[in-house]
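J.: Sequence and predicted structure, then a few things I'm wondering about:
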Amino acid sequence: MKIAMVSANARVVGGIETYLRTVVPALRARGHRLAMFHETADPADRPWLSEDPEIPRFCSETLGAESWLARMREWAPDIVFNHGLVDIRLEGRAGQIAPEVYFAHAYWGTCIGGAKVHRWPEPAPCSRRFGAACLALYLPRRCGGLSPATLWREYRNTAERLTAIRRCRAMVVTSAHMAEEYRRHGLGDRVRIVHLPVLPPLSGAGDGPLSSSGAVRLLFMGRMQSLKGGRLLLDALPMVRSGSGRPVDLCMAGDGPDRIRWSRRAEEITRRHEGIRCTFTGWVEPMERDRLLRDSHLLVVPSIWPEPFGQVGLEAGHLGVPSVAFRVGGIPDWLHEGVNGHLAPADPPTASGLAAAIGRCLSDPVAYAGLRMGARRMAGLFTLDRHLAGLEASFAAASRPHGSKQDTKRV
């Protein structure tokens, strides 16, 4: 099958490109012919998404939009596999050249602010269907910025993107939560759940059974911003310390706009509560990330943002490390209560609920050993071969004559 891979960046600058850097050679190995259609080739110091000489690469920034579209028509793809462009009109026109499979990596076309969260009076996930009522809620509920002009511009952009998305033949999403999100927005049975692949690390498993003494070692990994819930995790530490009767060591790996605020809160907590220690490492390389995971009893994912998937927990699972998280977004697709960790209620998310979920993981060494086994078993389900099979089923669904019956699949 000839597949036109459409994405904003020709170089690896974030999660979408990291995903494509894994999937592109794997699709080639399965016999598909690929061409890459991007908007920009900047920044020049980042690696190319693909350096395969057999895969042609076209950039609208250098060719111009009309020439870029003409090259796509000349290449005559069987499928346009769309991962989102900044230019909404260009994205929509590309999707009309051949049957389109749209991969929704985030809440594109369903939220003006893009986060699917109300930030006032307290941060909370939003389950509303996008529409005119969002105009009335955006400013008072702090769904994004405070500019009426920005609100109107982003509302129109979101509506235009959703209109373009609704023309796709098939949509790929990464969780049941995202499938429901796009079903509510008119995609119906074109939505197909294709869980992300999570590749195992080269290093071995974590440090083994939970002892009845010594510190409880917790790990946070991610961007440090308010919706990632780091403040709730910090506020949970005194309750974890009291409930377990053991010292608590928290390592926070990552960076972001809230790092200073979280650091100050950590200093307050450690000063007021004996037996609690917090370490901030900044961003870490993959080998150091694996070392931190191996040295931890639990990965805590305190996000109050409805994560479309949240694969960090499966990365931890490959190393035998269970997870704790709030029951939001796509997290329940991979974090199963009592199997590979525990879920905290998110209605609303609270520090006490998070502390209780952490306590359930660590209260019984025998049960904890079962969670470790469950973490490895669950992570082993999210393979690249399974993901590719799901993509190919989506391509086949899109290739069927328009109007033929298509069914929602979970892969």
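T.: Received it, and whenever you're ready, just let me know what you need.

J.: Which of the residues in stretch 58-78 are classified as buried?
T.: Within stretch 58-78, the residues that count as buried by 16 or more other CB atoms under 10 Å are 58-60, 68-69, 71-72, 75, 77. For every residue, glycine as well, the C-beta is placed using N, CA and C.

J.: Could you dump the residues you listed into a markdown table with secondary structure, pLDDT and distance to Phe103 added?
T.: Formatted as a markdown table, these follow (DSSP: H, G, I helix; E, B strand; the rest coil; pLDDT from 0 to 100; distance: CB to CB, whole Å):
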| residue | secondary structure | pLDDT | distance to Phe103 |
| --- | --- | --- | --- |
| Phe58 | strand | 98 | 19 |
| Cys59 | strand | 97 | 20 |
| Ser60 | helix | 97 | 19 |
| Trp68 | helix | 98 | 20 |
| Leu69 | helix | 98 | 20 |
| Arg71 | helix | 98 | 21 |
| Met72 | helix | 98 | 17 |
| Trp75 | helix | 98 | 20 |
| Pro77 | coil | 98 | 15 |
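
J.: Nearest to Glu337 among those residues?
T.: Glu337 has its nearest neighbour among the buried residues of stretch 58-78 in Pro77, at 42.6 Å by CB to CB.

J.: which one is the closest one nearest to, not counting chain neighbours?
T.: In space, and not counting its chain neighbours, Pro77 is closest to Ala4: 3.8 Å by CB to CB, 6 or more residues apart in numbering.

J.: Stretch 329-345 spans what distance, first to last residue?
T.: Distance across stretch 329-345, first residue to last, is 12 Å (CA to CA, to the nearest Å).

J.: mind listing what's buried in it?
T.: For stretch 329-345, the neighbour count (16+ other CB under 10 Å) marks 329-335, 339-344 as buried.

J.: so of these, which ones are in helices?
T.: Under the assignment DSSP state H, the buried residues of stretch 329-345 contribute nothing to helices.

J.: now those in a markdown table, with pLDDT?
T.: Output for the buried residues of stretch 329-345, formatted as a markdown table (pLDDT from 0 to 100):
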| residue | pLDDT |
| --- | --- |
| Gly329 | 95 |
| Gly330 | 97 |
| Ile331 | 97 |
| Pro332 | 97 |
| Asp333 | 97 |
| Trp334 | 98 |
| Leu335 | 98 |
| Val339 | 98 |
| Asn340 | 98 |
| Gly341 | 98 |
| His342 | 98 |
| Leu343 | 98 |
| Ala344 | 98 |
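
J.: thinking again about what came up before, want to throw the buried residues of stretch 58-78 into TSV with distance to Gly145?
T.: Below are the buried residues of stretch 58-78 laid out as TSV (distance: CB to CB, whole Å):
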residue	distance to Gly145
Phe58	34
Cys59	30
Ser60	28
Trp68	31
Leu69	32
Arg71	37
Met72	34
Trp75	39
Pro77	38
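
J.: Next, count neighbours for Ala389.
T.: 14 (other CB atoms under 10 Å).

J.: burial count for Leu292?
T.: By other CB under 10 Å, the residues close to Leu292 number 22.

J.: Pretty sure Ile165 sits against Val101.
T.: No: contact criterion CB atoms under 8 Å: Ile165 and Val101 do not qualify, at 11.3 Å.
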